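Undergrad: Return a 3D structure for these sequence lines:
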Amino acid sequence: MSEISRGRSETHDIDEHQLRYVVDLPHPMPLVWAAVASPEGLPSWLCAADPLEPRLGGRVTLRWLNGDTVVSGRVTAWDPEYVAEYTVGPPHGRIRFHLEPGRPDAAGSTVLRFTADFHGTREAKLDMLAGWHEHLERPRDALDGRPTDWRDWTDERWRQLREGYERDEAPWPAWQP
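TA: Numbering: from 1, shown residues only. Model prediction:
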């Protein structure tokens, strides 16, 4: 797995959260698109997608391979090679993959901008920050021909990430004279 920058979060109305990540991938956009927007690419790093109807309004069911989470919904944005957005049931809500060309000095690279919008508690937000972070560390290996073997998955990395996100969100100690 490759390290990625920490995700950012915004909370509105107590329980509406948006998580954002930016992942630089040294792979061309068509390959990254296949990894985020096809039933053949998604299981190599995220989840099984069956069905995934590749069009606006299409049906989608996502089944996480590192647990028992299954969510269904619709494709709510579809701009081939640039945007794939799935709005599914709890706990995940709306998940969006936005691709753009990478830096000019890294020809053939792609920037993946990922957002997740969902309703939940602060604890659920921390769980999601860690979960999405861990998953978003995996596409580079998958695109390099090393897909995740979900039979070997443990929650050790997730726990490390969750503890880090929880530390980041800890309130500042009160100033005392």
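
Undergrad: Surely Lys125 and Glu10 touch.
TA: No - here Lys125 lies out of contact with Glu10, judged by CB atoms under 8 Å, at a distance of 10.0 Å. Every C-beta, even on glycine, is put in place using the N, C-alpha and C of the backbone.

Undergrad: Let's see the pLDDT reported for the most centrally placed residue in the chain.
TA: In the chain, the centroid-proximal residue (CA atoms, centre = their mean) is Trp132; its distance is 4.3 Å. Trp132 carries a pLDDT score of 97 in this model.

Undergrad: Look at it and give its secondary structure.
TA: With DSSP: H, G, I helix; E, B strand; the rest coil as the basis, Trp132 sits in helix.

Undergrad: Thr110 and His98 touch, don't they?
TA: No - assessed by CB under 8 Å, Thr110 is found out of contact with His98, at 10.5 Å.

Undergrad: Between these two, point out the one with more neighbours.
TA: Comparing Thr110 with His98 by other CB atoms under 10 Å, the one with more neighbours is Thr110, at 24 against 17.

Undergrad: List the contacts of the more buried one.
TA: Under the criterion of CB atoms under 8 Å, 6 or more residues apart in numbering, the contact partners of Thr110 comprise Asp24, Leu25, His27, Pro28, Met29, Leu31, Val32, Leu99, Glu100, Pro101, Gly102.

Undergrad: was I right about the fifth one contacting Pro101?
TA: Right, Met29. Yes - if you go by CB under 8 Å, Met29 and Pro101 touch, sitting 6.7 Å apart.
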